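Visitor: just coords:
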């Protein structure tokens, strides 16, 4: 993969400081930290807000959505235990930053976004940056096209009141799904689901707050 962006010492230094912060907060997976240290998060922001790009905070990106806090991105990614040959599904593309992190760890990423403006801008951004193993799809994250196949890992980046069968049914044997589950207003629980020979093994992890995942696609004005 040939990445197509200009790096400088200021940005490298900012990413290194971010990696140090995440490591101190408990992120241990070296490959995840390496990916965080390589992806230029400022390209996923309006250039006006460069100073916020390497702070460990969430930030608005339009359509009432946010780019997730780097710790949240790293923590969810670490929980997936991604392997190089994995095919990964992401529900909720947003800016495309999470997909960029995932793409450095796996073979292929399909990311689905219900807002066309966000899907189009993320697709253009990722292509410009050289991330050629990511497919951005405008569509309904609750209704995955049959032709997309099944997935080794699934990550949901918005809150679901419950995990739909349409997602669980797309996990390969031994596959892992990470999703925030709970009411759209208030606190949710980050849940890790593993597909076993006998069904699904679910484990509640930590309390989180995410924007809601909604079925269907956003109405275009």
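Guide: Arrived safely, thanks for sending. If you're wondering where the values come from, they're calculated on a predicted model, not measured in any experiment.

Visitor: what distance separates the start and the end of stretch 106-126?
Guide: 16 Å (CA to CA, to the nearest Å).

Visitor: so which bits of it are buried?
Guide: 106, 108-115, 118-119, 121-123, 125-126 (16 or more other CB atoms under 10 Å). Yep, even glycine has a C-beta here, placed from its N, CA and C like the rest.

Visitor: one more: stretch 160-180?
Guide: Per 16+ other CB under 10 Å, stretch 160-180 contains these buried residues: 160, 163-164, 167-168, 170-171, 175-180.

Visitor: show me which pair in the buried residues of stretch 106-126 is furthest apart.
Guide: 106 and 115 (24.3 Å; CB to CB).

Visitor: that older thread, just the buried residues of stretch 106-126: which are in strands?
Guide: 108-113 (DSSP state E).

Visitor: okay, which residue is most central for the chain?
Guide: residue 98 (3.4 Å; CA atoms, centre = their mean).

Visitor: now do the SS call for the nearest residue to that one once chain neighbours are set aside.
Guide: Nearest residue to residue 98, sequence neighbours excluded (CB to CB, 6 or more residues apart in numbering): residue 73, at 5.4 Å. For residue 73, the secondary structure call by DSSP: H, G, I helix; E, B strand; the rest coil comes out as helix.

Visitor: so residue 73 is in contact with residue 97, correct?
Guide: Yes: counting by CB atoms under 8 Å, residue 73 does reach residue 97; the two are 6.9 Å apart.

Visitor: burial check on the nearest residue to residue 49 once chain neighbours are set aside, number of neighbours?
Guide: Using CB to CB, 6+ apart and skipping the chain neighbours, the partner closest in space to residue 49 is residue 59 (6.8 Å). Other residues near residue 59 come to 17 when the count uses other CB atoms under 10 Å.

Visitor: quick check: the gap between residue 59 and residue 103.
Guide: 21 Å (CB to CB, to the nearest Å).
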